[in-house]
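1. here is a sequence with its predicted model. Questions after.
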Amino acid sequence: MLKRFSISLEEDLLADFDQVILDKNYKNRSEAIRDLIRNSFVENEWADDKDVMGVITLVFDHHQPNLQEKITELQHGLFHQIVSTTHVHMDHHNCMEVIIVKGKACDVGRLFDGLNSLRGVRNCRLAMSSTGEHLH
């Protein structure tokens, strides 16, 4: 069931928000506000160390000595948090791994931090999500 409510915003803030709505192809303000609220709930679940899900995207130089072994060792050390991993050869030097993760936010964060800090990692991103229990 949908409920209506109203909010008051400064004119400049509303103009900026309307521009974001256009840029991201939202059909209306309500859709954008729903996404903002849901994203806030996901961030709270991560901050409260709840059960979460996410995706770690890792780009690295496979010629870096012992890097692949270090990546594998980290993943094995936190294997309970890993749902699936996909490895892609991007070019002669670079590989990408996409790691779907699930578990306590602190454990997933530890895996991300460990991967991100390795020498030879060119880019590491964590897309935070939720198990969805509180996102209706």
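-> Arrived safely, thanks for sending. Numbering: from 1, shown residues only.

2. every contact and neighbour count from this point should use C-alpha atoms.
-> OK.

3. what is the burial count for M128?
-> By the measure other Cα atoms under 10 Å, the count of residues near M128 is 19.

4. would you mind measuring from it to L9?
-> Per Cα to Cα, to the nearest Å, M128 is found 28 Å from L9.

5. quick one: the strands in the protein, in order.
-> In the chain, the strands defined using DSSP state E lie at 51-61, 82-89, 94-104, 121-130.

6. got the domain ranges for this structure?
-> The chain resolves into domains spanning 11-47, 51-130 when parsed by automatic domain parsing.

7. how far does stretch 30-40 sit from its chain's centre?
-> 16 Å (Cα atoms, centre = their mean, to the nearest Å).

8. quick one: mean pLDDT over that stretch.
-> Confidence over stretch 30-40, taken as the mean pLDDT, stands at 91.

9. so which bits of that stretch are buried?
-> By neighbour count on 16 or more other Cα atoms under 10 Å, the buried set for stretch 30-40 is 32, 38-39.

10. model confidence for L135, exactly?
-> On the pLDDT scale, L135 is placed at 63.

11. V52 too?
-> Confidence score, pLDDT, at V52: 92.

12. skipping adjacent residues, who's closest to it in space?
-> The spatially closest residue to V52, leaving aside those adjacent along the chain, is S130, at 4.5 Å (Cα to Cα, 6 or more residues apart in numbering).
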